[in-house]
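Enquirer: my questions are about this predicted structure, shown below with the sequence.
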Amino acid sequence: MSKKKNKPKKIRPEVLKGFKDYSPREEIARQKIVSVFKEVFESFGFSPLQTPALEKIEVLKGADYGEDNLATIFNFTGPEKVEMALRFELTASLARFVAGNHELPLPFRRYQFAPVWRVDKPGFGRYREFTQFDIDSVGTASMLADAEIMAAICKSFEKLNLPNYKIRFSNRKILNGLAKMIGIPVEKAPDVFRVIDKLEKQGLDAVIKELGAGRIDKSGDKIPGLNMDNEHIILMREYISVYDLIVTAKHELKKEHDINVEISDDDIANFFVNYNPTAIRYFIKREGREEGIGLGEEQSTAIRNFLTIKKEDQLSVLRYAWSFMVERINKFQSGELGNFGDNKSSEEIKCVFDEGIKEYSTGLFELNEIRKYLEYLNVPEEKTIIDITVVRGLGYYTGPVFETYLDDVPEIGSVFSGGRYDSLVARFSGKKMPAVGASAGVDRLLAALLSKKLISADNTVSEVLVTAMDSEFSGEYIKILNEIRDAGIKAEIFLGETRNFTKQVKYADRIGVPIAVILGSEEFENGQITIKNLIAGREQAKEVSDREEWLKAENIQVTIDRKEMIDYLKKLLSKIKS
């Protein structure tokens, strides 16, 4: 009796969690985005660079990395027992490249697009493997470098036909100076700002929990916290409570007016700037609680005033931010800062405060330089907004930072962002080298644009399908195909088994080819060719199965001399694309 043969086990056709395939429709659209970025950045004089996908862990994370640093990257021990990882961004590899090539002319201006990998929580447009597109200038401290990158981003979105964008920019020096001026420990500032950067996506309560012991996200996963002490959490809660403040201001103002009266932004600003007693009580005694929060009135007022520096034009923002600093200096000199600098000597307090003033003012000067350069570069002022509460999360940012938002898809947050990182190259060379750059998550941008139908999505790159209905003319079909391709037109010949004309046209419809070239016995005998505009024809062809009836449709086909084929195809393609 013969034994039964074991059937081979079937493998499930699935991808790993957080990874995805890109269909031709998605990939063509993605390459369109990359192509525009590449064209614009090269027009600004940026050159391409590629670096390895694998790097030593210390290149990516620094020489003093610990186990905690490895949780978000794909890492392993490779050949020669080297600890390595897949890159999770492109900037560290750039810094390593610059530091390792001593003869490199500076400034070095490069763009790079490549896949990166992160052990991240997958979500809409968020994957564990994704494409980043970076643009950087290394070796220059000029604020023109920052402005040029912002201008290139603006031009890119204009060329992508996405005019509803805005770049919000600020300076980490202003925030660092603010921290020193109001008594936030300087060693805590980078981590604090990294968490604050999540405010828009995660909300106030989540950020406050992350400053402390951590939180549990919606899926039940544990998000570790900074374990800041309660006093500093209270301080930072008030620093980032701008949304709570606005809601409270509207609530309190409506108590003083008719409940149906609309409260304007100016009303809210005046509510804070004028030191409204109700607003101060809100800081000292949280709504719904009996106990006070322990924050001094002057300190809370200073934070509140800083966060309300929002004016329509850039110069007004800078003027108000400068006035805020002058006010702090006057209060410090007159001894009105209350409990500022607990547990420090007066000399230490003065030293930290002076450092804060210097850093804050430098940040303002740099923003003003960028503002002027953007004007010289013909970037419309309404497209770039100074917002001095912008943080950016990565710890290596040292100066100006910027974020680009699309008004049509606000839910995806920032789509092309970056800033100045003057200390990163020093990780390898031991010497600071000024640098500025920005990065776009191409896949997240693509997912958002496709979901809103803000980018065209084609299923094929073919512009012409050469139909093949008679094997007798196979040689002629291929000659026609070669002639079309030699003219720089993307073309394919139907390779299926059927010779049925209607089925071949249906194939063209499914993949979205815009033009069909038809050669039957009649055309061959007369030295002619028939060209069909399939885009127009699809509106009329519907369920027509008879070739002769289909060919009678008006304004969608023409029969011409074969020698005129290429000129006609080029004109028709130009018309279709326009």
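Expert: That came through fine. Numbering: from 1, shown residues only.
Enquirer: how close does the most centrally placed residue in the chain get to Gly125?
Expert: Among the residues of the chain, the one closest to the centroid is Val415, at 2.1 Å (CA atoms, centre = their mean). Val415 sits at a distance of 10 Å from Gly125 (criterion: CB to CB, to the nearest Å). Every C-beta, even on glycine, is put in place using the N, C-alpha and C of the backbone.
Enquirer: shared neighbours of the two, anything?
Expert: Common contacts of Val415 and Gly125, defined by CB atoms under 8 Å, 6 or more residues apart in numbering, comprise Gly441, Arg444, Leu445, Ala448.
Enquirer: measure the residue nearest to the centre of the chain to Leu377 for me?
Expert: On the measure of CB to CB, Val415 and Leu377 end up 20 Å apart.
Enquirer: and what of Arg168?
Expert: Distance from Arg168 to Leu377, by CB to CB: 18 Å.
Enquirer: in terms of pLDDT, where does the residue nearest to Asn500 when sequence neighbours are not counted sit?
Expert: Leaving aside its sequence neighbours, Asn500 sits nearest to Met469 (CB to CB, 6 or more residues apart in numbering; 7.8 Å). Model confidence at Met469, expressed as pLDDT, equals 89.
Enquirer: was I right to think Met469 contacts Thr498?
Expert: No: using CB atoms under 8 Å, Met469 is not in contact with Thr498, being 9.3 Å away.
Enquirer: list residues touching both of the two?
Expert: Common contacts of Met469 and Thr498 (CB under 8 Å, 6+ apart): Gln504.
Enquirer: those two: which has the busier surroundings?
Expert: Counted by other CB atoms under 10 Å, Met469 and Thr498 do not tie: Met469 has more neighbours, with 18 against 13.
Enquirer: am I right that that one falls within a strand?
Expert: No: counting by DSSP: H, G, I helix; E, B strand; the rest coil, Met469 falls outside a strand, being coil.
Enquirer: got the phi/psi numbers for it?
Expert: phi -100, psi -10 (degrees, to the nearest 10).
Enquirer: need the contact list for it.
Expert: By CB under 8 Å, 6+ apart, the neighbours of Met469 are Arg499, Asn500, Phe501, Gln504, Ile518, Gly520.
Enquirer: after the helix or strand hosting Ile385, which helix or strand is next?
Expert: Assigned by DSSP states H and E, Ile385 belongs to strand 384-386. Toward the C-terminus, strand 384-386 is succeeded by strand 400-406 as the next helix or strand (DSSP H and E).
Enquirer: what strands line up against that following strand, and which way round?
Expert: Strand 400-406 has its sheet partners listed here by DSSP bridges as strand 165-171 (antiparallel), strand 416-420 (antiparallel).
Enquirer: most packed of these?
Expert: strand 416-420 (a mean of 26; mean count of other CB atoms under 10 Å).
Enquirer: what's the mean pLDDT across that one?
Expert: Mean predicted confidence for strand 416-420 is 94.
Enquirer: surely Lys38 is in contact with Tyr111?
Expert: Yes: taking contacts as CB under 8 Å, Lys38 lies within contact range of Tyr111: 7.0 Å.
Enquirer: how about the strands paired with strand 400-406, which one is nearest Pro48?
Expert: strand 416-420 (17.9 Å; CB to CB).
Enquirer: and the next helix or strand after the closest one, what other elements does it pack with?
Expert: Reading on from strand 416-420 to the C-terminus, the next helix or strand found by DSSP H and E is helix 426-429. The contact analysis (3 or more CB pairs under 8 Å, 6 or more residues apart in numbering; DSSP states H and E) places helix 426-429 against helix 91-100.
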